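# Here is my input; please provide its structure:
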Amino acid sequence: MPADRSKLDFTPRTTGSVMGFPAHEGRPEAIGEVHARPRPPIEAPRVLIQLAFMTEGGSSVDHAVLAELSRRLGIAAPERQARHHALKWGQGALRWERHTEFSTYLWEGPLEQGPVDSPFGNGFSPPGTVISGIRLEIRKWTPENEKLIAAFDPASLSYSLVENGKAGIATDFHQDGDGLTRILVLDRGMSPSRIGALSQRLIDIENYRTLAMLGLPMAQSLSARVRRIEDRLAEITREMKVPETRDSEALLADLTELAAELEADAAASLYRFGASRAYNGIVEERLHALAEEAVPGYETWLGFLQRRVAPAMRTCRSVEERQANLSRKLTRATQLLRTWVDVEVERQNRDLLASMNNRARLQLRLQQTVEGLSVAAISYYVVGLVGYLAKATSLFGTVVKPELVTAAAVPVAILLVWWTVRRIRHSHDDGAKTPPAGE
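Below is the predicted model:
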């Protein structure tokens with residue numbers, strides 16, 4: 001074992017220690033996550049106003065907003081890597097929390113009849129667009145406050161008992177004139193810590209319910225596009241069944257274009273549909289954690305949201321499943337069409353090779369014909385030369401009939417020329433069969 005472990009690349013960076021032993025670098029974050037969202041104790045009467053902003057610009061935008069608010073209060077701004085921050089504001093407190101794609105600003109203060117001294121005034125610079133706004137009022141359970149339930153829309157009013165009957169929660173999931181969803185909590189003897197926990201749970205339900213529903217508009221717009229691709233795929237498969245009029249290359253190009261369009265839509269909706277499923281799961285967890293007791297004549301939060309949100313989530317899942325099934329169908333159709341195209345190409349290659357064989361055969365026959373003619377022509381010239389030489393022997397006193405010499409030279413010349421031509425052709429054939437160097 002080397003003495004200097006700091007030089008080992010695989011050695012993790014440790015932070016702190018446990019009983020003198022080095023701790024893993026991720027231990028503080030893993031332990032601190034349990035306490036990352038503290039639930040402050042709240043005493044009734046109190047009002048909570050929360051705004052959730054979509055922060056596509058990242059944490060730097062939130063940090064700029066918090067830095068400005070801290071400057072106005074004369075306190076230090078939070079660190080850039082912080083995900084939670086709290087500061088006192090007037091008679092209340094402002095709590096900020098950073099999430100994956102949104103951030104929340106929760107102001108908790110006294111419940112008054114007059115204007116609320118919240119930080120969301122003219123000097124507040126929002127970090128993005130508002131996705132959720134909530135006004136949660138916590139009041140003592142008195143006959144007078146119980147009458148406030150009648151101010152909600154009875155068509156969508158959800159009212160139930162929680163915390164073993166120590167509290168009543170009511171809302172109609174509508175927005176008031178300021179665009180805030182109003183929630184009423186009637187307290188009948190809860191501790192401040194339980195009020196804080198219940199308030200956080202109700203706020204989470206409204207926030208994540210809204211975020212989960214963001215997948216519905218995308219699913220509705222994609223549904224028409226998926227239907228169009230399905231119809232076009234059906235037309236292409238019908239055309240594939242008719243060999244007489246089938247244009248495989250054109251159909252393959254259409255299938256490739258449809259597959260590219262479908263995959264682009266699936267990639268664009270992958271995050272939104274996945275986020276909707278995750279947010280809906282959080283809503284269901286929070287609703288079941290409420291352990292509601294039904295009030296006669298009223299609907300519970302769980303019953304109302306399951307009736308309204310569940311169909312939207314099924315729509316998102318349906319579109320996502322249709323995209324996956326359609327992608328598999330397009331893949332199978334493309335593979336089948338490619339097989340036909342490959343068969344047609346092989347058939348064309350076979351016909352081309354057969355044509356080349358015929359041409360080579362004709363060329364060989366023509367070569368053999370030319371070869372025979374060349375033997376005759378060369379032999380004719382050779383015999384002519386021999387005839388001239390025979391006639392020239394008379395100059396030396398030798399009497400030889402040129403006709404006899406010429407006639408005798410004819411078969412000899414033909415055999416010699418034929419043998420020479422064959423040797424030349426065989427040498428060319430051997431050179432063609434010899435593989436080049438390096439093979």
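# Of all the helix elements in the protein, which one is longest?
Ranked by number of residues, the top helix in the chain under DSSP state H is helix 301-392.
# between the host helix or strand of R232 and helix 301-392, how many degrees?
Per DSSP states H and E: R232 is located in helix 215-240. On the basis of axes from the mean of the first three to the mean of the last three C-alpha atoms, to 10 degrees, helix 215-240 is oriented at 40 degrees to helix 301-392.
# Tell me the first helix or strand C-terminal of helix 215-240.
Next helix or strand after helix 215-240 toward the C-terminus (DSSP H and E): helix 248-290.
# helices and strands around the longest helix of the chain, which ones?
Here helix 301-392 touches strand 158-162, strand 167-175, helix 192-212, helix 215-240, helix 248-290, helix 402-433, going by 3 or more C-beta pairs under 8 Å, 6 or more residues apart in numbering; DSSP states H and E. To be clear about C-beta, it is placed using only N, CA and C from the backbone, and glycine gets the same treatment.
# which other helices and strands contact the longest one?
Secondary-structure packing of helix 248-290 (3+ C-beta pairs under 8 Å, 6+ apart): helix 192-212, helix 215-240, helix 301-392.
# Next secondary structure element downstream of it?
The first helix or strand that comes after helix 248-290 along the chain, using DSSP H and E, is strand 293-294.
# Next up, phi/psi of the residue nearest to H63 when sequence neighbours are not counted, please.
The shortest distance from H63 to any non-neighbouring residue, by C-beta to C-beta, 6 or more residues apart in numbering, is to R80 (5.4 Å). Phi and psi for R80, reported as degrees, to the nearest 10, are phi -70, psi -30.
# With the one 3 residues further on instead?
Phi and psi for R83, reported as degrees, to the nearest 10, are phi -110, psi -10.
# and what of A52?
In this entry, A52 is assigned phi and psi values of phi -110, psi 130 (degrees, to the nearest 10).
# what about the residue lying closest to it once chain neighbours are set aside, how many neighbours?
Spatial nearest neighbour of A52, chain neighbours left out: S132 (4.0 Å); criterion: C-beta to C-beta, 6+ apart. By other C-beta atoms under 10 Å, the residues close to S132 number 21.
# Double-check that S132 belongs to a strand.
Yes. Judged by DSSP: H, G, I helix; E, B strand; the rest coil, S132 forms part of a strand.
# Helices along the stretch 1-150 of the chain, start to end?
With DSSP state H, counting those that start in this stretch as the definition, the stretch 1-150 of the chain shows helices at residue ranges 27-32, 59-73, 143-146.
# TSV for those helices, including mean pLDDT, mean neighbour count and distance to L352?
Formatted as TSV, those follow (pLDDT from 0 to 100; neighbours: other C-beta atoms under 10 Å; distance: least, C-beta to C-beta, whole Å):
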stretch	mean pLDDT	mean neighbour count	distance to L352
helix 27-32	72	11	67
helix 59-73	83	16	65
helix 143-146	92	11	91
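# Of all these, which one comes closest to E320?
For the helices of the stretch 1-150 of the chain, distance to E320 was read as C-beta to C-beta. The smallest value, 29.6 Å, belongs to helix 59-73.
# For the closest one, which outside residues touch it?
Helix 59-73 is touched from outside by 55, 76-78, 80-81, 85, 87-89, 94, 96, 98, 103, 119, 123-128, with contacts defined as C-beta atoms under 8 Å, 6 or more residues apart in numbering.
# swap the cut-off to 10 Å and go again
53, 55, 57, 75-83, 85, 87-90, 94, 96-98, 103, 105, 119, 123-128 (C-beta atoms under 10 Å, 6 or more residues apart in numbering).
# Stretch 416-427 now?
Applying C-beta under 10 Å, 6+ apart, the external contacts of stretch 416-427 come out as 367-368, 371-372, 374-383, 409.
# Residue ranges in the stretch 251-400 of the chain under the pLDDT threshold?
368, 394-400 (pLDDT under 70).
# if we can go back for a sec, show me how far the helix holding R232 is from its chain's centre.
Between the centre of helix 215-240 and the centre of its chain there are 18 Å (C-alpha atoms, centre = their mean, to the nearest Å).
# and what of stretch 189-208?
Stretch 189-208 has its C-alpha centroid displaced from the chain centroid by 36 Å (C-alpha atoms, centre = their mean).
# What residues sit buried inside that stretch?
Residues of stretch 189-208 classed as buried: 190, 194-208 (neighbour count, 16 or more other C-beta atoms under 10 Å).
# I'd like the average pLDDT over that stretch.
The pLDDT scores in stretch 189-208 average 93.
# So the protein: which segments form each domain?
Domains of the chain are assigned by automatic domain parsing as 37-212, 215-290+302-350, 365-425.
# picking that back up, helices or strands next to the helix holding R232 in the packing?
Applying 3 or more C-beta pairs under 10 Å, 6 or more residues apart in numbering; DSSP states H and E, we find helix 215-240 packed against helix 248-290, helix 301-392.
# Next up, the contacts around the closest residue in space to E292 that isn't next to it in sequence.
With sequence-adjacent residues excluded and distances taken as C-beta to C-beta, 6+ apart, E292 is closest to S160, at 4.0 Å. Contacts for S160 were tallied using C-beta under 10 Å, 6+ apart; they are 167-170, 290-295, 298-304.
# For S160, report the pLDDT, please.
Note on S160: pLDDT of 95.
# any idea how far K147 is from it?
S160 sits 18 Å away from K147, going by C-beta to C-beta, to the nearest Å.
# D62 now?
40 Å.
# which one of the helices and strands packed on helix 215-240 has the most crowded surroundings?
Comparing the helices and strands packed on helix 215-240 by mean neighbour count (mean count of other C-beta atoms under 10 Å), helix 248-290 comes out on top with a mean of 16.
# Run the chain-centre distance for that one.
8 Å.
# So for T334, which of the helices of the stretch 1-150 of the chain sits nearest?
Of all the helices of the stretch 1-150 of the chain, helix 59-73 sits nearest to T334, with 43.5 Å by C-beta to C-beta.
# Tell me which residues touch V309, please.
R209, A212, M213, L216, S276, Y279, N280, V283, E284, L287.
# doesn't G297 fall inside a helix?
No. Using three-state DSSP, the assignment for G297 is coil, not a helix.
# The closest residue in space to E146 that isn't next to it in sequence: neighbouring residues, count only.
Leaving aside its sequence neighbours, E146 sits nearest to L186 (C-beta to C-beta, 6+ apart; 6.5 Å). Residues within reach of L186, counting by other C-beta under 10 Å, total 23.
# Look up which helix or strand L186 falls in, please.
Assigned by DSSP H and E, L186 belongs to strand 181-187.
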